[in-house]
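In: Structural data only, the sequence is not supplied:
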């Protein structure tokens, strides 16, 4: 079996040594290059064509975000961000890099002594990321050649009716689940929804501690809707409040009796929060009055929950393969027959607007 070829881009020699030693200790990995600044990292990525890149966000001669944008535009390669996450500024840079196409994030090692648990997680994250077939992100090409004509999004398709065996009389809630590739997909979808969007939105995304803590705040600054982290016992927002409530990074989110509850129960599919847990509670509480959206992500979380929503009469939307960074979760939902519609990410916003209007007395 061939080894996973890794390029390490890290400005701190001490940290770079730690990363290289952790990778070298695994017989399935080979460090093919090291770079201490962004320009050198880009050059090595283009010449060596590694299977995966580990990338620091704070670099000389190019920030981690700029390096991510360039790599994803000109030599698309799986990228794992290795970040200190010591403050909200670092976390914001992490989310920007994930939106630009990086796949995963892991905290930097701390202390001087070897940390076997951290090394195991780091190597596992790198090897998993290397298996993902990434897609090209054009933003880096536009920045490299600002005089070039802009890359235009495809013209929107004419509005078409949503096919339902029995159209619901109203919708009362949108539930969204996402994992790898989720930050970019969520920004693209939620930017299409106005602050007056009539339905409350519940969100589960797999971004673990410590990085998940500031994600709601970051997303809130990117979209018209108000995005906040859900709190135990919160009342479900009324129609028209224009709010997105997100599960904390270490608790399941459940809706019951018109309130939101945070559950510290066991992981589902090695995930907490779990999309399945949210979707199953929505299916039970809202039935056909809900809309479920399952976006890009690794693994199977959300597929069974989306099937429960569909069986309860809900409209279920699944992201298509061509626009998914990782097609694992959507593929499993489609395999189970849980998808009412399979859509490119660019059509989710318009579809939710149509369904939201239908729920307020309009026509789909």
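Out: Here it is on my side, so go on. Please read all numbers here as calculations on a predicted model, not as lab measurements.
In: Okay, helices next: where are they in the stretch 201-350 of the chain?
Out: Ranges of helices within the stretch 201-350 of the chain are 215-220, 275-286, 303-311, 328-335, 345-359, based on DSSP state H, counting those that start in this stretch.
In: now those helices in a markdown table, with mean neighbour count and distance to residue 108?
Out: The way it works is simple: take the backbone N, C-alpha and C, and place the C-beta from them, glycine included. Shown next, in a markdown table, are these (neighbours: other CB atoms under 10 Å; distance: least, CB to CB, whole Å):
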| stretch | mean neighbour count | distance to residue 108 |
| --- | --- | --- |
| helix 215-220 | 20 | 19 |
| helix 275-286 | 24 | 28 |
| helix 303-311 | 24 | 33 |
| helix 328-335 | 22 | 27 |
| helix 345-359 | 19 | 31 |
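In: buried ones in stretch 60-74?
Out: Neighbour-count burial for stretch 60-74, counted by 16 or more other CB atoms under 10 Å, picks out 62, 63, 64, 65, 66, 67, 68, 69, 70, 71, 72, 73.
In: Now the fifth one. Its backbone dihedrals?
Out: Taking degrees, to the nearest 10, you get phi -60, psi -40 for the backbone angles of residue 66.
In: which of the helices of the stretch 201-350 of the chain has the lowest average pLDDT?
Out: Among those, helix 345-359 has the lowest mean pLDDT, at a mean of 90.
In: chain center to that helix: distance?
Out: Distance of helix 345-359 from the chain centroid (CA atoms, centre = their mean, to the nearest Å) equals 20 Å.
In: Show me what it is packed against.
Out: The contact analysis (3 or more CB pairs under 8 Å, 6 or more residues apart in numbering; DSSP states H and E) places helix 345-359 against helix 182-190, strand 290-294, strand 315-319.
In: Make JSON lines from those and add mean pLDDT, mean neighbour count and distance to residue 196 to it.
Out: What follows is the helices and strands packed on helix 345-359, written out as JSON lines (pLDDT from 0 to 100; neighbours: other CB atoms under 10 Å; distance: least, CB to CB, whole Å):
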{"stretch": "helix 182-190", "mean pLDDT": "96", "mean neighbour count": "23", "distance to residue 196": "13"}
{"stretch": "strand 290-294", "mean pLDDT": "98", "mean neighbour count": "28", "distance to residue 196": "17"}
{"stretch": "strand 315-319", "mean pLDDT": "98", "mean neighbour count": "27", "distance to residue 196": "21"}
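In: and the helices of the stretch 201-350 of the chain as TSV, adding distance to residue 245?
Out: Shown next, in TSV, are the helices of the stretch 201-350 of the chain (distance: least, CB to CB, whole Å):
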stretch	distance to residue 245
helix 215-220	9
helix 275-286	10
helix 303-311	17
helix 328-335	21
helix 345-359	16
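In: between these, which gets nearest to residue 23?
Out: In terms of CB to CB, the element of those nearest to residue 23 is helix 328-335, at 24.4 Å.
In: Can you name the residues in contact with that closest one?
Out: 177, 179, 275, 294-303, 306-307, 316, 318-321, 324, 339, 342 (CB atoms under 8 Å, 6 or more residues apart in numbering).
In: can you rerun that using 7 Å?
Out: 179, 294, 296-303, 306, 318-319, 324, 339, 342 (CB atoms under 7 Å, 6 or more residues apart in numbering).
In: Mind picking the one among those that's closest to residue 246?
Out: Looking across the contacts of helix 328-335 and measuring by CB to CB, the closest to residue 246 is residue 179, at 13.7 Å.
In: Perfect, I'm done here.
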